[in-house]
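Visitor: Please work out how this folds:
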Amino acid sequence: MSIYVGNLSYQVTQDNLSEVFADYGTVKRVNLPTDRETGRPRGFGFVEMSSEIEEDKAIEALDGAEWMNRDIKVNKAKPREERSGGGSRHSGNYSRKY
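Guide: Below is the predicted model of the structure:
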């Protein structure tokens with residue numbers, strides 16, 4: 001399982017996030033997604049801890065806490081939804097006439 005951490009400052013690093021969550025147990029992995037085009041952080045991240053009990057303690061303690069001048073959102077991460085390929089915004093079988 002993984003923890004979602006939202007409303008993060010854009011200055012947050014993986015080390016910063018790991019340090020905060022280490023107070024609640026062993027941090028196995030931290031992921032801070034970046035924007036594909038700009039390379040800037042996207043303002044959220046994911047933390048994996050060694051047990052669900054540790055994750056629950058961290059969520060309870062940190063959800064809504066102020067950190068780096070932001071009220072962070074911390075909860076269980078939802079499974080990633082599969083995206084359909086193709087890149088088209090249109091669905092169905094129809095043709096356009098111009």
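Visitor: got a pLDDT number for the residue nearest to residue 26 when sequence neighbours are not counted?
Guide: Spatial nearest neighbour of residue 26, excluding adjacent residues (Cβ to Cβ, 6 or more residues apart in numbering): residue 50 at 4.0 Å. (C-beta placed from N, C-alpha, C; glycine too.) We have a pLDDT of 97 for residue 50.
Visitor: Contact partners for residue 24?
Guide: 49, 54, 57-58, 61-62 (Cβ atoms under 8 Å, 6 or more residues apart in numbering).
Visitor: Quick check: it vs residue 62, distance?
Guide: 8 Å (Cβ to Cβ, to the nearest Å).
Visitor: and if you look at residue 9?
Guide: Counting by Cβ to Cβ - residue 9 and residue 62 are separated by 14 Å.
Visitor: Same drill for the two, tell me which one is more crowded.
Guide: residue 62 (20 against 13; other Cβ atoms under 10 Å).
Visitor: Mind telling me what element the nearest residue to that one once chain neighbours are set aside is part of?
Guide: Spatially, and ignoring its direct neighbours in sequence, residue 62 is nearest to residue 74 (4.4 Å; Cβ to Cβ, 6+ apart). In this assignment (DSSP states H and E), residue 74 forms part of strand 73-76.
Visitor: Check which residues of that strand are buried.
Guide: The neighbour-count check on strand 73-76 (16 or more other Cβ atoms under 10 Å) flags residue 74 as buried.
Visitor: Longest helix in this protein, please.
Guide: When the chain is parsed with DSSP state H, its longest helix is helix 52-62.
Visitor: helices or strands up against that helix?
Guide: strand 3-6, helix 14-22, strand 44-49, strand 73-76 (3 or more Cβ pairs under 8 Å, 6 or more residues apart in numbering; DSSP states H and E).
Visitor: Parallel or antiparallel, which strands does the strand holding residue 74 pair with?
Guide: strand 3-6 (antiparallel) (DSSP bridges).
Visitor: Would you mind listing the outside residues contacting the partner strand?
Guide: Residues from elsewhere that reach strand 3-6 (Cβ under 8 Å, 6+ apart): 17, 21, 43-49, 55, 58-59, 62, 72-78.
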